[in-house]
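> Dropping a prediction and its sequence here:
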Amino acid sequence: MNRTHLYDWHLAAGAKMAPFAGYDMPITYPLGAVEEHLVTRRSVGLFDIDHMGQFEVKGTGADAFVSKLVSAKVDDMKDGDARYSLLLNERGTVIDDLFIYKIPGSWWIVVNASNRFEDLDWFNAHKPAGVQLVDHSDETYMIAVQGPRAIELLDLVSDSSIAAYPRFSSGRAKVLGVPCLVGRTGYTGEDGVELFFPAADAEKLWTGLLAEGAKRGIETQAIGLAARDSLRFEAGMPLHGHELSQDIYPLETGFKWACDFEKDFIGKAALEKLQAEGITRKLVGIELPSGGVPREGYEVQGPDGRKIGLIVAGMYCPTVKKFAANALVEPAFGKSGLAVKIVVRGKSLDAMTVKRPLYIPAYRR
């Protein structure tokens with residue numbers, strides 16, 4: 001089991017640790033997952049996300065190579081731009097979802113921890129001569145600073161204005177003296193950044209941000225993976241292995257917008273075929289008014305008790321104070337306001353399809 005450089009700090013802080021994507025990661029701290037979630041919504045949350053992978057692509061033909069591999073339009077990206085995309089196989093299903101940063105002279109690509117080595121093999125298998133692919137994951141640390149006061153805090157401890165960065169952009173800055181690639185991106189539905197910097201500086205930057213938050217009266221707390229999951233879920237962001245996977249087409253889960261059909265990319269032909277034939281299932285949000293946690297794999301039924309689909313993710317959502325789920329269901333049930341049932345521990349509980357996301361992300365307000 002791998003450990004991040006902050007492992008000892010997490011233990012000393014009383015974190016509950018558990019395996020995740022090959023790493024022993026903090027799931028919750030003594031504050032508790034619900035309060036960690038709410039702190040991020042009202043102020044600043046710090047996330048140790050060093051388990052994520054980072055690749056750099058450069059060299060002759062790098063632009064065309066990246067464009068061919070990923071689903072999103074990238075040929076219009078300028079230095080400093082950041083963009084979400086999918087990595088598809090020839091079947092048109094999702095190997096991984098990625099964040100792509102265009103930096104001077106190369107592409108910086110962030111991949112999910114559980115898919116790092118599969119992604120790396122996929123990139124290498126398709127890499128033409130002249131393109132260089134470097135895996136920087138081990139020597140690069142990654143911390144997310146998220147929340148409505150995140151930029152305020154960072155501006156106080158950086159050598160340049162982070163607030164000047166537009167959403168979905170990146171740049172270089174020293175944060176508490178540590179040189180960072182700063183991405184104005186995140187996975188919580190709040191404003192904030194993701195910081196990339198030398199792994200040796202992990203504890204300095206982490207403890208420094210916590211201390212500066214306390215010093216300046218900006219509530220700043222360490223946040224575990226449980227709250228990270230509920231934050232992204234409320235904001236309608238997918239988690240690979242749940243709303244996206246190699247068994248799920250992006251057209252089924254509403255991610256056609258992440259696919260540029262005006263260019264060529266691996267998986268395009270399969271998606272065009274599916275688009276012509278029509279999808280047989282669709283992602284929908286579901287709310288359980290009477291409570292009960294809808295877990296992944298639970299059956300979704302129509303009003304008549306007939307099975308119409310399965311839950312792919314479900315939980316209690318602290319901001320909106322609802323028990324909710326995402327489910328892949330028959331297309332006829334893929335719109336909001338319909339009565340359905342969810343089988344929870346053998347009992348069919350009344351539920352209703354609802355519009356996603358439950359919480360409007362900051363960048364859409």
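Looks like it arrived, so ask away. Numbering: from 1, shown residues only.

> Quick check: phi and psi on the residue nearest in space to the middle of the chain?
Closest residue to the average C-alpha location of the chain: residue 187 at 4.6 Å, with CA atoms, centre = their mean. Dihedral pair for residue 187: phi -140, psi 30, per degrees, to the nearest 10.

> what mean pLDDT would you report for stretch 90-103?
In this model, stretch 90-103 has a mean pLDDT of 98.

> Kindly format the C-alpha coordinates of that stretch as CSV.
Coordinates of each C-alpha in stretch 90-103 appear next as CSV, following Å, rounded to 0.1, in the frame of the first residue of the first chain:
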residue,chain,number,x,y,z
GLU,A,90,-12.3,2.0,-29.5
ARG,A,91,-15.7,0.9,-28.1
GLY,A,92,-16.4,4.4,-27.1
THR,A,93,-16.5,3.7,-23.4
VAL,A,94,-14.4,5.6,-20.8
ILE,A,95,-10.9,4.5,-19.9
ASP,A,96,-10.6,7.6,-17.7
ASP,A,97,-11.6,11.2,-17.4
LEU,A,98,-8.8,13.8,-17.4
PHE,A,99,-7.9,17.4,-16.8
ILE,A,100,-5.6,18.8,-19.5
TYR,A,101,-3.5,21.9,-19.0
LYS,A,102,-1.7,23.6,-21.9
ILE,A,103,1.5,24.9,-20.5
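
> buried sites along it?
Buried residues in stretch 90-103, defined by neighbour count with 16 or more other CB atoms under 10 Å: 91-103. For every residue, glycine as well, the C-beta is placed using N, CA and C.

> If you tally nearby residues, what's the number for the residue nearest to residue 138 when sequence neighbours are not counted?
Leaving out its chain neighbours, the residue that sits closest to residue 138 by CB to CB, 6 or more residues apart in numbering is residue 199, at 7.4 Å. Number of residues near residue 199 (other CB atoms under 10 Å) recorded here: 15.

> Quick one: residues in contact with the helix or strand hosting residue 341.
Element membership for residue 341, per DSSP states H and E: strand 339-344. Contacts to strand 339-344, defined as CB atoms under 8 Å, 6 or more residues apart in numbering, come from residues 286, 288, 292-295, 298-303, 305, 308, 311, 325, 329, 333, 348-353.

> Generate a ChimeraX selection restricted to the buried entries among those residues.
Buried members of these, defined by 16+ other CB under 10 Å, are picked up in ChimeraX with:
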select :286,288,292,294,298,300,301,302,308,311,325,329,333,349,351,353
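
> pretty sure residue 235 contacts residue 186?
No - the criterion here is CB atoms under 8 Å, and residue 235 misses it with residue 186 at 9.6 Å.

> So between those two, which is more surrounded?
residue 186 (29 against 23).

> Test for you: state the pLDDT assigned to that one.
At residue 186, the predicted lDDT confidence score is 98.

> got the contact list for it?
Going by CB under 8 Å, 6+ apart, residue 186 touches 144, 146, 192-194.

> Helix or strand: which one has it?
Using DSSP H and E, residue 186 is not contained in any helix or strand.

> tell me the domain ranges of this protein?
As given by automatic domain parsing, the domain ranges for the chain are 7-51+138-234, 53-117, 280-356.

> Any idea how many residues pack against residue 212?
For residue 212, the number of neighbouring residues by other CB under 10 Å comes to 17.

> host element of it?
With DSSP H and E as criterion, residue 212 is part of helix 202-215.

> Ok, residue 4 next?
Residue 4 belongs to no helix or strand, assigned by DSSP H and E.

> next one: residue 152
Per DSSP H and E: helix 150-157 holds residue 152.

> What's the first helix or strand after that helix?
Next along from helix 150-157, by DSSP H and E: strand 170-175.

> Can you name every helix or strand that that following strand contacts?
If you count contacts as 3 or more CB pairs under 8 Å, 6 or more residues apart in numbering; DSSP states H and E, strand 170-175 packs onto strand 178-183.

> coming back round to it: so which of the domains of the chain is nearest residue 241?
For residue 241, the closest of those is domain 53-117, at 7.0 Å, according to CB to CB.

> And the strands in the stretch 1-150 of the chain, which stretches?
Along the stretch 1-150 of the chain, counting by DSSP state E, counting those that start in this stretch, strands occupy 16-20, 23-28, 44-48, 53-59, 82-88, 94-103, 106-111, 131-135, 140-146.

> Please apply the same query to the stretch 201-350 of the chain.
Here the stretch 201-350 of the chain has its strands, by DSSP E, counting those that start in this stretch, at 220-222, 282-287, 299-301, 307-317, 322-329, 339-344, 347-354.

> Report the angle between the fifth one and strand 339-344.
Taking axes from the mean of the first three to the mean of the last three CA atoms, to 10 degrees, one finds strand 322-329 and strand 339-344 inclined to each other by 100 degrees.

> tell me what strand 322-329 is packed against?
For strand 322-329, the packing partners by 3+ CB pairs under 8 Å, 6+ apart come out as strand 282-287, strand 307-317, strand 347-354.

> okay if I get the ones you listed as JSON lines plus distance to residue 113 and mean pLDDT?
Listed next are the helices and strands packed on strand 322-329 as JSON lines, based on distance: least, CB to CB, whole Å; pLDDT from 0 to 100:
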{"stretch": "strand 282-287", "distance to residue 113": "23", "mean pLDDT": "98"}
{"stretch": "strand 307-317", "distance to residue 113": "18", "mean pLDDT": "98"}
{"stretch": "strand 347-354", "distance to residue 113": "30", "mean pLDDT": "97"}
